[in-house]
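Predicted coordinates and the sequence they were generated for:
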Amino acid sequence: MSSIDRSLNLHVQNLYCEHHGWLQRWLDRKLGNRCDAADLAHDTFIRLLTRQSLANLGAEPRALLTHIAKGLVIDRWRRQDVERAYLETIAHLPEPDVPSPETRWLILEALYRIDAMLREMPEKTRQAFLMSQIDGMTYAQIASELNVSLITVKRYMRDAFLACLSVT
């Protein structure tokens, strides 16, 4: 192990020792659940470790830890919203049609990826895509609704379909 690697490991170890307890308490107050707070505190440090550089932590590492943790909390809430909507949907299915736990997990993972893909799309592209795919509107109707040209709607849809293809 090089001296740079040893120095980096020591730096991360010190950060963890000095700030983990504080971060977990902060997350516990936000979430009201010690187990989730422990998970997210752990995930925050994992995210920190996977950064390209730890040299840019600045003089206030708690600000960075808080920023990372807030993003993880928001991600968790989004995932819970997707899961809640899915479970409400399948709750109305007859017993023989209810997916197995394994199938449910696979479907939820796909829904999480789709949700992330939709959130990353520009607003108008997302609107056009959903109007087409969910509402069944024609491109001409979408163009009229969004007050854009038909060519622009086709460009939005191309971009949306490319985004769909990139979801793995």
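The structure has been received and is ready for your questions.

Would you map out the domains in the protein?
3-87, 98-166 (automatic domain parsing).

What helix or strand is the spatially most central residue of the chain located in?
Taking CA atoms, centre = their mean, the centroid of the chain lies closest to residue 75, which sits 4.4 Å from it. Here residue 75 is covered by helix 61-90, with elements defined by DSSP states H and E.

Kindly calculate the angle that the next helix or strand after that helix makes with helix 61-90.
Following helix 61-90 in sequence order, the next helix or strand is helix 101-120 (DSSP H and E). Relative orientation of helix 101-120 versus helix 61-90 (axes from the mean of the first three to the mean of the last three CA atoms, to 10 degrees): 120 degrees.

Could I have the CA atoms of helix 101-120 written out in PDB?
What follows is helix 101-120 as a C-alpha-only set of coordinates in PDB (Å, rounded to 0.1, in the frame of the first residue of the first chain):
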ATOM      1  CA  PRO A 101     -42.200 -11.600  -3.900                       C
ATOM      2  CA  GLU A 102     -39.400 -12.200  -6.400                       C
ATOM      3  CA  THR A 103     -41.500 -10.800  -9.300                       C
ATOM      4  CA  ARG A 104     -42.500  -7.900  -7.200                       C
ATOM      5  CA  TRP A 105     -38.900  -7.100  -6.400                       C
ATOM      6  CA  LEU A 106     -38.000  -7.200 -10.100                       C
ATOM      7  CA  ILE A 107     -41.000  -5.000 -11.100                       C
ATOM      8  CA  LEU A 108     -40.100  -2.500  -8.300                       C
ATOM      9  CA  GLU A 109     -36.500  -2.300  -9.500                       C
ATOM     10  CA  ALA A 110     -37.700  -1.600 -13.000                       C
ATOM     11  CA  LEU A 111     -40.100   1.000 -11.800                       C
ATOM     12  CA  TYR A 112     -37.300   2.700  -9.800                       C
ATOM     13  CA  ARG A 113     -35.100   2.900 -13.000                       C
ATOM     14  CA  ILE A 114     -38.000   4.200 -15.000                       C
ATOM     15  CA  ASP A 115     -38.800   6.800 -12.400                       C
ATOM     16  CA  ALA A 116     -35.200   8.000 -12.400                       C
ATOM     17  CA  MET A 117     -35.100   8.100 -16.200                       C
ATOM     18  CA  LEU A 118     -38.300  10.200 -16.200                       C
ATOM     19  CA  ARG A 119     -36.900  12.600 -13.600                       C
ATOM     20  CA  GLU A 120     -33.700  13.100 -15.600                       C
END
